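Participant: model the following, please.
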Amino acid sequence: MSVESIESEVVVVGAGLAGLSAARELKRLGVDVTVVEARDRVGGRTLNEPIGGGEIVELGGQWVGPGQDHVLALIRELGLETFPTWCEGRNVFERGGKARTYSGTIPKLNPVSLAEVGVALKRLERMAAKVDVEQPWTQTELARWDAETFATWARRNAKTPA
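Facilitator: Numbering: from 1, shown residues only. Have a look, this model is predicted:
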């Protein structure tokens, strides 16, 4: 195995959509940039897998919707395709280790759990409001927040079983 030496002003680690977008923007600004990727393909979590009969299944980042204007603009710019999905019919979720189904927007919750979900959502909104999207690294609590999974945060902030 030979090792190649490359000099560059900036190295972007990861050739997913975020890494490739960052590299493209840096290149546009005249920066000498190199992208490195551990996998044998680019695209990161964006991946289609054929399942037979001309059909595919999305295995990565697969949903984008109204309000995600920057992502939708990037999709258009890159010439990627989107297709509609449906919210009709039964939905599946996991509770207590068992798959359950429901209709509508959210599963039926007892009133205490529903109130707790509302309080947790307000906490998330307050956290998000503290982050300057132009300079997120200036938020002093970001490292602590980033070190915790959402599942852990949810268990800490919602005590009643749904």
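
Participant: so the residue nearest in space to the middle of the chain: helix, strand or coil?
Facilitator: When CA atoms, centre = their mean is applied to the chain, the residue found nearest the centroid is Gly61 (6.6 Å). Using DSSP: H, G, I helix; E, B strand; the rest coil, the structure places Gly61 in coil.

Participant: residues in contact with it?
Facilitator: By CB atoms under 8 Å, 6 or more residues apart in numbering, the contact set of Gly61 is Leu17, Gly44, Arg45, Thr46. Any C-beta I mention is one placed from the backbone N, CA and C, and that applies to glycine too.

Participant: how close does Arg76 sit to Pro84?
Facilitator: Distance from Arg76 to Pro84, counting by CB to CB, to the nearest Å: 16 Å.

Participant: picking up where we left off before, in the contacts of Gly61, find the pair that's most separated.
Facilitator: Leu17 and Arg45 (8.2 Å; CB to CB).

Participant: okay, those two: which has more neighbours?
Facilitator: Set Leu17 next to Arg45 and count neighbours by other CB atoms under 10 Å: Leu17 wins out with 20 against 12.

Participant: thought Phe93 was touching Gly104?
Facilitator: No - taking CB atoms under 8 Å as the definition, Phe93 is not a contact partner of Gly104, at 11.8 Å.

Participant: compare neighbour counts for the two and give me the winner.
Facilitator: Shown here are Phe93 and Gly104; by other CB under 10 Å, Phe93 has more neighbours (12 against 9).

Participant: more neighbours, Arg76 and Pro84?
Facilitator: Arg76 (10 against 4).

Participant: how about the secondary structure of that one?
Facilitator: Under three-state DSSP, Arg76 comes out as helix.
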